[in-house]
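Participant: here you go, sequence then predicted model.
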Amino acid sequence: EVQLVESGGGLVQPGGSLRLSCSASGFIFSDHHMDWVRQAPGKGLEWVGRIRNKASKYTTEYAASMTGRFTISRDDSKNSLYLQMNSLQTEDTAEYYCAKLSGRVNAFDLWGQGTMVTVSS
Amino acid sequence: IQLTQSPSSLSASVGDRVTITCRASQGINSYLAWYQQKPGKAPKVLIYAASTLQSGVPSRFSGSGSGTDFTLTISSLQPEDCATYYCRQHNTFPITFGQGTRLEIK
């Protein structure tokens, strides 16, 4: 089955860290650029960042508010994507989705179900 | 690049023609996609490259525009179209989404 499954969300205190994972199956993970998108409760979608594929040297891009705090990585041998989040703030509370970028249509054509991160004392 | 959607919400009847607009703060060529998100679910791509219908999406959905002004049109609203709709640009990093348009069925 073609799917993305996120894990690793939970409750963390302000200033803390958390690592999210996204497990891919049913497609050639290594071929694709992968993104993280988040959504605060009751709010709209916010792009977090991207990691490109090996052919593009695994380069990354981040939204300005995440640069320096968040790091995206991937392990193609495990068909897995990661989001390391440090110095978390209450405004980082959100559902975090991983998304596959279709090179053909240049749109996110596959999304995970999301994992919830709550930053609170 | 800021994307401004209008309206922020709307209510329409089954069978109505519905149009949602997305305006970019600067030109983005045709590097725009439209997504539909239902409550508690992940988004789903409807339109890419501003006007190309994603495979499997009903033909009542269509997109148009280029440069700074874009529209998503539902030609005949169906009950299952109740959702929030987002535009997204990928002309320039950082990728940005519009604030969303909540569509309700009367």
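Facilitator: Happy to help now that I have it.
Participant: what segments of the chain are strands?
Facilitator: Reading this off chain A. Per DSSP state E, chain A carries strands over the ranges A:3-7, A:10-12, A:18-25, A:34-39, A:45-51, A:60-62, A:70-75, A:80-85, A:94-102, A:107-111, A:115-119.
Participant: switch to chain B, please.
Facilitator: Using DSSP E, strands in chain B cover B:3-6, B:9-12, B:18-24, B:32-37, B:44-48, B:52-53, B:61-66, B:69-74, B:83-89, B:96-97, B:101-105.
Participant: quick one: those as TSV, columns for mean neighbour count too.
Facilitator: In short, each C-beta sits where N, CA and C put it, glycine included. Output for those, formatted as TSV (neighbours: other CB atoms under 10 Å in any protein chain shown):
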stretch	mean neighbour count
strand B:3-6	17
strand B:9-12	14
strand B:18-24	20
strand B:32-37	25
strand B:44-48	23
strand B:52-53	16
strand B:61-66	18
strand B:69-74	20
strand B:83-89	24
strand B:96-97	21
strand B:101-105	16
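Participant: mind listing what's buried along stretch B:76-84?
Facilitator: For stretch B:76-84, burial by neighbour count (16 or more other CB atoms under 10 Å in any protein chain shown) applies to B:77, B:81-84.
Participant: to residue A:65, which of the strands of chain B lies closest?
Facilitator: When those are compared by CB to CB, strand B:96-97 sits nearest residue A:65, at 12.2 Å.
Participant: contacts for that closest one, please.
Facilitator: Residues outside strand B:96-97 that contact it (CB atoms under 8 Å, 6 or more residues apart in numbering or on different chains) are A:44-47, B:1-3, B:86-89.
Participant: redo the strands of chain A as a markdown table? Include distance to chain B, mean pLDDT and mean neighbour count.
Facilitator: Listed next are the strands of chain A as a markdown table, based on distance: least, CB to the nearest CB, whole Å; pLDDT from 0 to 100; neighbours: other CB atoms under 10 Å in any protein chain shown:
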| stretch | distance to chain B | mean pLDDT | mean neighbour count |
| --- | --- | --- | --- |
| strand A:3-7 | 9 | 98 | 18 |
| strand A:10-12 | 19 | 98 | 14 |
| strand A:18-25 | 12 | 98 | 19 |
| strand A:34-39 | 8 | 98 | 24 |
| strand A:45-51 | 4 | 98 | 23 |
| strand A:60-62 | 5 | 97 | 17 |
| strand A:70-75 | 12 | 98 | 18 |
| strand A:80-85 | 15 | 98 | 21 |
| strand A:94-102 | 6 | 97 | 23 |
| strand A:107-111 | 4 | 95 | 23 |
| strand A:115-119 | 11 | 98 | 18 |
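Participant: out of these, which is closest to residue B:22?
Facilitator: It is, among the strands of chain A and with distance given as CB to CB, strand A:45-51, at 13.2 Å.
Participant: which bits of chain B sit near chain A?
Facilitator: B:31, B:33, B:35, B:37, B:42-45, B:48-49, B:52, B:54, B:84, B:86, B:88, B:90, B:93-100 (CB under 8 Å from any CB of the partner chain).
Participant: so for chain B, the centremost residue is which one?
Facilitator: residue B:34 (4.0 Å; CA atoms, centre = their mean).
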